[in-house]
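Student: Mind looking at a prediction? Sequence and model below.
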Amino acid sequence: MAHPYHHALSSVNKWGGNVEDYLPIHQWFDESKSITADFRHRALRHHAEGIFMAEKVFGTTITLSTGTVIPTRWVGEQHVKEDLGMIPSFADWARAIRPAPWMGRTQQLEAPTEKVSE
Ligand SMILES: [Zn+2]
C-alpha cells in the first residue's frame, strides 16, 4: 500500500512543486486507516464521491509552491488510481458489502406523548 508521502512524490513528478503541496490531500484520503488498518479503509474515500469530497475540503484548486494552480480533483484521481488502478463509484464498494441482519433493522419509534396541562 502506498504511503501518502509516496503519493505526494508521484504528484511532484506529475505537476511539480514539492511534497508539502500535496501531502495534506493524500493524508486526507488515507486518514480512514485510523478506523480500519487494512485495505477496507479505502471504502470511505477512495471513490468518485470521495474525490469530490476532497474538492470541498481543499477547494476546487490548489496553488503549488511554484505558483502553478491545479485542480484538486486531479490529485484525488491520481491517488485513487494509484491505489486501485481505477476510480470506482461508491456503489461499487457498496455491492461488495455482505449484508448482515442488523444493517436493515428498523426500530419502533416512540409515539409522541401528549402534554398534560394541569
Ligand atoms: Zn490511499
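Tutor: The structure has been received and is ready for your questions.

Student: Neighbours of Gly76, how many?
Tutor: 26 (other CB atoms under 10 Å). C-beta here means a position set from N, CA and C on the backbone, and glycine is covered the same way.

Student: where along this structure do the strands fall?
Tutor: Ranges of strands within the chain are 61-63, 69-71, based on DSSP state E.

Student: Mind checking the ones you listed for the one nearest to the ion?
Tutor: strand 61-63 (17.7 Å; CB to the ion).

Student: what about Lys56, neighbour count?
Tutor: Neighbourhood size, Lys56 [other CB under 10 Å]: 9.

Student: Next, find the distance separating it from the ion.
Tutor: Computed with CB to the ion, to the nearest Å, the distance linking Lys56 and the ion is 18 Å.

Student: and Ser32, what does it touch?
Tutor: With contacts defined as CB atoms under 8 Å, 6 or more residues apart in numbering, the neighbours of Ser32 are His41, Arg42, Ala43, Leu44, Arg45.

Student: pLDDT below threshold where in this structure?
Tutor: Applying pLDDT under 70 to the chain picks out residues 1, 116-118.

Student: can you list the residues of it near the ion?
Tutor: Phe29, Asp30, Asp83 (CB under 5 Å from the ion).

Student: Give me the buried entries from these.
Tutor: In terms of neighbour count (16 or more other CB atoms under 10 Å), the buried residues within those are Phe29, Asp30, Asp83.

Student: what sits against Ile25?
Tutor: Applying CB under 8 Å, 6+ apart to Ile25 gives the contacts Ala54, Phe58, Ile62, Thr72, Val75, Gly76, His79.

Student: The first one: how many residues sit nearby?
Tutor: For Ala54, the count of nearby residues is 23 (other CB under 10 Å).

Student: Check the one 4 residues further on too.
Tutor: When neighbours are defined as other CB under 10 Å, Phe58 has 16 of them.

Student: The ion versus that one, what's the distance?
Tutor: 15 Å.

Student: Apart from its chain neighbours, what residue comes closest to the residue nearest the centre of the chain?
Tutor: The chain has Arg45 as the residue nearest its centroid, 2.2 Å off, counting by CA atoms, centre = their mean. Distance criterion CB to CB, 6 or more residues apart in numbering; nearest residue to Arg45, sequence neighbours excluded, is Phe29 at 5.2 Å.
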